[in-house]
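**Q** quick one, what's the 3D model for this:
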Amino acid sequence: METINSRLKNWASILDEKTREQAITTSKMPFIFPHLALMPDAHLGKGATVGSVIPTLGAIIPAAVGVDIGCGMIAVKTQYKAADLPEDRKPLREEIERAIPLSTGKYNNKIVATAVPRIKELKELATKAGFDPASYAGHWEYQLGSLGSGNHFIEVSLDEEDSVWLFLHSGSRGIGNKIATKHIKVAQQVAKKYWIELPDPDLAYLVEGTEEFNEYIRELRWAQHFALLNREEMMDRVIRQFTGWVGGPVEELERINCHHNFTEKETHFGKSVWLSRKGAIRAREGDPGLIPGSMGTASYVVVGKGNPVSLDSSPHGAGREYSRTAARKAFNIEQLREAMAGIEYRDTEAFIDEIPGAYKPIDQVMEDAGDLVSIRHKLRQIINVKGD
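**A** As a prediction, the model looks like this:
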């Protein structure tokens, strides 16, 4: 761990200068307490650095939570071993692709049975929160159980004992994005109204106790729950397709579902703070967690160590080293195919910007996180599903 200044602690051994400068700028916001913590996967973000843990007193920066509110991971350990699986993995990939809408703007055509009680739960939660999700997206219900694009994925993986894990990454989809975008804009309007000078417009904040703050928290919490249920819904569908492919039911030996873009009220260094984890998971002592690598590389099932200086947090993944545009210029389809050798996936140039070389090495990230989490399992992918 590196102390960059009294208000910024850093666990990233790979940290470019622009990301360092961005984190320093955020750490100087007057309501940061006690300090901002940079995780090993830290990289440049919108306003605040992706891979940062931001404790604030009496205020929240909406862009420091991010536009994919509640984004996170879910994994299920099954009773199956690699030897139990059919040799041809393509049929399962294609069945998963049929069962779950992939890519930006792609949603369900109908409400399936497993989604009905989850949608009912979300409607009741929205009523309690005092808002109508339809004011953001008229058919938001059809977004539940959809993956999205970018670094979101569905994978079938094996651990060190060849046990089969089902693993996926997604968040609050278009509805969450619209909620976040609205409140980022509101925070900027408040700053302009009261002549608040900011080092970056995306560091605009909402003050606790104001109606703007309260509305954001209510809708943020709804979106966080949407994201959690979205992952549960997709995992249930993956299990159904896996069951048909393997020819027998799945016994869930373990299920872990954790956010990495969220805000909660927590106590750190003797004070109650709003803790925003933007690309970081909660890692209190004993907390189970999931840290995926990039496409084609290892992922990790971990348990938190409760490091107080990290504000009980750990990284959420590998962290980009190349922007998507830069990755498309630096890498090609043959390099992607080489990186994905032995893994069943959809072979397309659309995924070049997700090539492992565009990310920090996940094993280095995990080495940097040695005082934040303990590794329980190291997973290797055998099937990968992504959206364009």
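**Q** and the pLDDT for the nearest residue to Asp312 once chain neighbours are set aside?
**A** Nearest non-adjacent residue to Asp312, counting by CB to CB, 6 or more residues apart in numbering: Arg284, 4.5 Å away. To be clear about C-beta, it is placed using only N, CA and C from the backbone, and glycine gets the same treatment. Here the pLDDT value assigned to Arg284 is 98.
**Q** can you check the one 3 residues further on too?
**A** Taken from the predicted model, the pLDDT recorded for Asp287 is 98.
**Q** now it: how far from Thr3?
**A** 25 Å (CB to CB, to the nearest Å).
**Q** the more surrounded of the two?
**A** Set Asp287 next to Thr3 and count neighbours by other CB atoms under 10 Å: Asp287 wins out with 19 against 11.
**Q** may I have the beta-bridge partners of the nearest residue to that one once chain neighbours are set aside?
**A** The shortest distance from Asp287 to any non-neighbouring residue, by CB to CB, 6+ apart, is to Gly304 (3.8 Å). Beta-bridge pairing of Gly304 under DSSP bridges involves Val373.
**Q** tell me how many other residues crowd the residue nearest to Asp312.
**A** Arg284, neighbours per other CB under 10 Å, totals 16.
**Q** OK, contacts around it?
**A** Counting by CB atoms under 8 Å, 6 or more residues apart in numbering, Arg284 touches 304, 306, 312.
**Q** of those - the most surrounded one?
**A** Neighbour max across these (other CB under 10 Å) = Asp312, 24 neighbours.
**Q** quick one, what contacts it?
**A** 266, 268, 282-285, 287, 304, 306.
**Q** do Arg7 as well
**A** 27-28, 32, 34-36.
**Q** just the buried residues of those.
**A** 27, 32, 34-36 (16 or more other CB atoms under 10 Å).
**Q** need those residues in CSV with pLDDT and distance to Ser52, can you?
**A** Below are the buried ones among the contacts of Arg7 laid out as CSV (pLDDT from 0 to 100; distance: CB to CB, whole Å):
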residue, pLDDT, distance to Ser52
Ser27, 97, 9
Ile32, 98, 11
Pro34, 97, 14
His35, 98, 11
Leu36, 98, 6
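**Q** helix or strand for the residue nearest to Asp312, just tell me which one.
**A** Taking DSSP states H and E as the definition, one finds Arg284 inside no helix or strand.
**Q** before we move on, what about His183?
**A** Going by DSSP H and E, His183 is part of helix 173-193.
**Q** what residues does the helix or strand just after that helix touch?
**A** Later in the chain than helix 173-193, the nearest helix or strand by DSSP H and E is strand 206-207. With CB under 8 Å, 6+ apart as the test, strand 206-207 has contacts from 58-60, 62, 183, 186-187, 190, 212-213, 216.
**Q** spit out the contact partners of the residue nearest to Ala283 when sequence neighbours are not counted.
**A** Once flanking residues are discounted, Ala283 sits nearest to Gly304: 3.1 Å by CB to CB, 6+ apart. For Gly304, the contacting residues are 282-289, 312, 314, 372-373, by CB under 8 Å, 6+ apart.
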